[in-house]
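**Student:** only geometry, no sequence info:
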């Protein structure tokens, strides 16, 4: 398949042009090739999130700081976390049956949901000027 190329003329701020020029030199690309690489990387479709998760993430913007801190520190229920770890270890040792595969899928989705909510809450707190570095420290 032959793809047609189109020309585009861009006016870039000097600092942006310099950064792109450095990237191109480091990758041994032309500036044009580096720009194409950046445009392609920025245009890759990202998977959409389920509507209920999008709604939950959007709702975080309405919370006050205290509630955001609670969300940022939330955890998967201990029983679910323990079960997910047990299933993961069993998968490594002997594999899982279909029921366990389904359970792992559900628990993994719940874990991913918690992590996205925690990350968004931390992001919003940082945007509001809070130091969120304590959220990055490993908890005992």
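**Tutor:** That came in fine, so what should we check first? Quantities reported herein were computed from a predicted structural model and do not represent experimental measurements.
**Student:** Give the buried residues for the helix-or-strand element of the chain with minimal mean pLDDT.
**Tutor:** Counting by mean pLDDT, DSSP states H and E, the weakest-scoring helix or strand in the chain turns out to be helix 31-43, with a mean of 79. For helix 31-43, the neighbour count (16 or more other CB atoms under 10 Å) marks 34-35 as buried. In short, each C-beta sits where N, CA and C put it, glycine included.
**Student:** what's the offset of that helix from the middle of its chain?
**Tutor:** 21 Å (CA atoms, centre = their mean, to the nearest Å).
**Student:** The longest helix anywhere in the chain - contacts with which helices or strands?
**Tutor:** As assigned by DSSP state H, the longest helix anywhere in the chain is helix 98-127. Packed against helix 98-127, as judged by 3 or more CB pairs under 8 Å, 6 or more residues apart in numbering; DSSP states H and E, are the following elements: helix 51-60, helix 65-72, helix 78-93.
**Student:** what's next to stretch 49-61, contact-wise?
**Tutor:** Identification of contacts with stretch 49-61 by CB atoms under 8 Å, 6 or more residues apart in numbering yields 68, 71, 113, 116-117, 120-121, 124.
**Student:** what about residue 25, which SS state?
**Tutor:** The three-state label given to residue 25 by DSSP: H, G, I helix; E, B strand; the rest coil is helix.
**Student:** What is the burial count for it?
**Tutor:** Close neighbours of residue 25, defined as other CB atoms under 10 Å, add up to 12.
**Student:** With residue 30 instead?
**Tutor:** Applying other CB under 10 Å, I find that residue 30 has 11 neighbouring residues.
**Student:** which element is residue 7 on?
**Tutor:** In this structure, residue 7 sits in neither a helix nor a strand according to DSSP states H and E.
**Student:** On the pLDDT front, check it for me.
**Tutor:** Looking at residue 7, its pLDDT reads 85.
**Student:** measure it to residue 39 for me?
**Tutor:** Per CB to CB, to the nearest Å, residue 7 is found 13 Å from residue 39.
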